[in-house]
Each structure stands twice: as structure tokens, then as C-alpha cells.
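Visitor: Provided below for reference: sequence and predicted model.
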Amino acid sequence: MKGEIKRFLRDLGIDPRRMGYYYIIFILGRLLEKKGGEKAFLKAMYEECAAEFGTSAENAEKNIANAVKAAWRRGEGHGRNVKKTVFGTAGAPANGDFFIRAAEYLREGEN
């Protein structure tokens with residue numbers, strides 16, 4: 001599953017040189033293991049991610065948002081089709097929306 005998440009992030013244009021990239025992999029991996037209750041689960045995941053990487057939950061959340069926003073700023077050529085298919089918006093999604101939609105998309109790929 002980790003390989004699929006990395007391919008998905010690469011297709012979106014999320015840069016692996018950003019710390020948020022690794023936080024996203026961690027949280028998406030955990031989210032994909034869980035079935036239902038994503039919103040409440042995400043709140044707890046920032047804390048768990050922070051503990052895993054030795055940072056604060058606020059820092060993890062901020063780095064994730066920065067990685068996602070940077071990918072959306074990169075322009076049309078980087079992941080345009082995936083962004084439109086999965087997220088359907090011109091602007092970068094909020095973290096919660098990003099994780100929920102990304103998890104739905106990756107789960108559909110499993111079927």
C-alpha cells in the first residue's frame with residue numbers, strides 16, 4: 001500500500017523533499033487501515049504522526065498543508081488529471097478533505 005500512496009503523491013506533484021510528504025504517507029497509510037469515522041480519526045492522527053516523527057501535531061498539520069498547497073501551485077502539468085478527478089477543485093483542498101478524498105480514491109483502486 002505504501003508504494004501506491006507514494007505513486008499517488010508523485011502523480012499529484014507532492015514533492016518528497018518536503019517533510020509533509022512523509023507525514024501524508026504515514027497518515028494515509030493509517031487511514032486506509034481504518035474503516036469509517038475518518039473525521040474524528042484524523043484529529044488523533046496528527047498527534048500520532050507527531051509522536052512518530054518527533055515533532056508537534058501543529059507542525060505536522062502545517063507541513064502537510066504546505067506540501068499540498070505547493071503541489072497545487074505547481075501548475076497544470078503536474079497531476080492535473082488526478083487533481084481534477086479526485087478533488088474536483090481548482091484550489092488546494094484543506095487537510096481533512098485531502099485525506100478523506102485521497103483515501104476514497106486509493107480504496108477504489110484496491111477493488
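Guide: Yep, that arrived.
Visitor: if we go by neighbour counts, what in the helix or strand bottoming out on mean pLDDT in the chain is buried?
Guide: Across the helices and strands of the chain, mean pLDDT, DSSP states H and E gives its lowest value to helix 80-87, namely a mean of 74. Residues of helix 80-87 classed as buried by neighbour count (16 or more other Cβ atoms under 10 Å): Val82, Lys83, Val86, Phe87. For glycine as for every other residue, the C-beta is placed from the backbone atoms N, C-alpha and C.
Visitor: let's have those in TSV, adding distance to Tyr23.
Guide: Converted to TSV, the buried residues of helix 80-87 look like this (distance: Cβ to Cβ, whole Å):
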residue	distance to Tyr23
Val82	20
Lys83	19
Val86	19
Phe87	18
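Visitor: quick check: the gap between the residue nearest to Arg10 when sequence neighbours are not counted and Ala70.
Guide: Leaving aside its sequence neighbours, Arg10 sits nearest to Pro16 (Cβ to Cβ, 6 or more residues apart in numbering; 7.7 Å). Pro16 sits 12 Å away from Ala70, going by Cβ to Cβ, to the nearest Å.
Visitor: of the two, who's got more company?
Guide: Ala70 (16 against 13; other Cβ atoms under 10 Å).
Visitor: what's the least confident helix or strand of the chain packed up against?
Guide: helix 2-12, helix 95-110 (3 or more Cβ pairs under 8 Å, 6 or more residues apart in numbering; DSSP states H and E).
Visitor: dump these into TSV; add mean neighbour count, mean pLDDT and distance to Thr55 as well.
Guide: Below are the helices and strands packed on helix 80-87 laid out as TSV (neighbours: other Cβ atoms under 10 Å; pLDDT from 0 to 100; distance: least, Cβ to Cβ, whole Å):
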stretch	mean neighbour count	mean pLDDT	distance to Thr55
helix 2-12	16	91	19
helix 95-110	16	87	15
